[in-house]
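Novice: One predicted model, sequence on top.
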Amino acid sequence: MKEIYHTHHIVPRYMGGTNEPNNLVRLPLWAHAEVHKRLFEVYGNIEDDIASRMLSGKIEGAEELRIKLAKRNFQKWLKEKPEEVKEWKEKNNKNRKGKPSILPPEHYQKQAEKLRGIPRSQEVRDKISKAKKGKSIPQPNQMKTYEVTKPNGEVLIIKGLNEFCKNEGIAASNLCAVVKGRLKHHKGYVAKILNV
């Protein structure tokens with residue numbers, strides 16, 4: 001099998017190295033990956049960690065590192081080259097002139113229709129209505145008693161979860177999942193059923 005060779009910068013370009021022949025060396029792929037791994041271990045530069053991972057095929061985590069590097073370089077650029085940043089902002093503003101800054105109303109209407117729920121025929125709506133008829137709302141004497149701990153540590157004894165959740169602005173289904181042990185908490189609220 002033919003070995004793959006890469007050109008490696010002895011002084012990395014991110015450290016000011018050039019493409020001059022005296023700064024370049026030809027290395028097999030495995031050695032190139034190893035060199036960047038050693039450079040990362042010694043100097044701790046993200047660039048070498050990314051290069052080492054990519055060259056050795058260990059790409060897990062490399063994308064997160066690349067994003068971290070891009071954010072760092074962007075912040076550095078903002079601080080070190082204010083004239084360039086100003087020019088870039090002016091150019092962007094000039095390009096945006098005359099273009100709408102928001103999407104057309106049709107877009108928002110279309111999204112609202114998607115979120116409104118599944119469109120149902122009158123027949124289906126009638127079946128749902130019929131199934132709900134005769135079902136009573138639980139009366140206070142039928143409701144279970146719960147001990148609820150609020151995020152601030154206050155402990156309350158309540159009857160029924162629905163009204164409490166509505167007043168607190170939280171989802172009753174999620175607090176119910178906390179009671180059943182499927183969730184540890186919901187927005188900091190913890191609840192358990194009392195055998196009263």
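Specialist: Here it is on my side, so go on.

Novice: Contact partners for Lys37?
Specialist: Listed by Cβ atoms under 8 Å, 6 or more residues apart in numbering, the contact set of Lys37 reads 48, 52, 56. All C-beta atoms are positioned from the backbone trio N, CA, C, and that covers glycine.

Novice: I'd like the residues you listed as a markdown table, with pLDDT and distance to Asn23 appended.
Specialist: Below are the contacts of Lys37 laid out as a markdown table (pLDDT from 0 to 100; distance: Cβ to Cβ, whole Å):
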| residue | pLDDT | distance to Asn23 |
| --- | --- | --- |
| Asp48 | 90 | 16 |
| Ser52 | 89 | 19 |
| Ser56 | 84 | 23 |
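
Novice: Mind checking which of those land in helices?
Specialist: 48, 52 (DSSP state H).

Novice: Report the buried members of the contacts of Lys37.
Specialist: 48, 52 (16 or more other Cβ atoms under 10 Å).

Novice: which among the contacts of Lys37 gets closest to Asn73?
Specialist: Asp48 (14.9 Å; Cβ to Cβ).

Novice: wait, that closest one sits on Phe40?
Specialist: Yes. At 3.8 Å, Asp48 and Phe40 qualify as touching, with contact defined as Cβ atoms under 8 Å.

Novice: quick one on the thing from earlier: turn the contacts of Lys37 into JSON lines, including distance to Gln75.
Specialist: As requested, the contacts of Lys37 are exported to JSON lines (distance: Cβ to Cβ, whole Å):
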{"residue": "Asp48", "distance to Gln75": "20"}
{"residue": "Ser52", "distance to Gln75": "24"}
{"residue": "Ser56", "distance to Gln75": "29"}
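
Novice: roughly how far apart are the residue nearest to the spatial centre of the chain and Ile46?
Specialist: Taking Cα atoms, centre = their mean, the centroid of the chain lies closest to Glu64, which sits 12.1 Å from it. For Glu64, the distance to Ile46 (Cβ to Cβ, to the nearest Å) stands at 10 Å.

Novice: Check Arg125 too.
Specialist: Look at Arg125 and Ile46: by Cβ to Cβ, they are 58 Å apart.

Novice: could you point out which element follows the lowest-mean-pLDDT helix or strand in the chain?
Specialist: Lowest by mean pLDDT, DSSP states H and E among the helices and strands of the chain is helix 105-115, with a mean of 74. For helix 105-115, the succeeding helix or strand toward the C-terminus, using DSSP states H and E, is helix 122-132.
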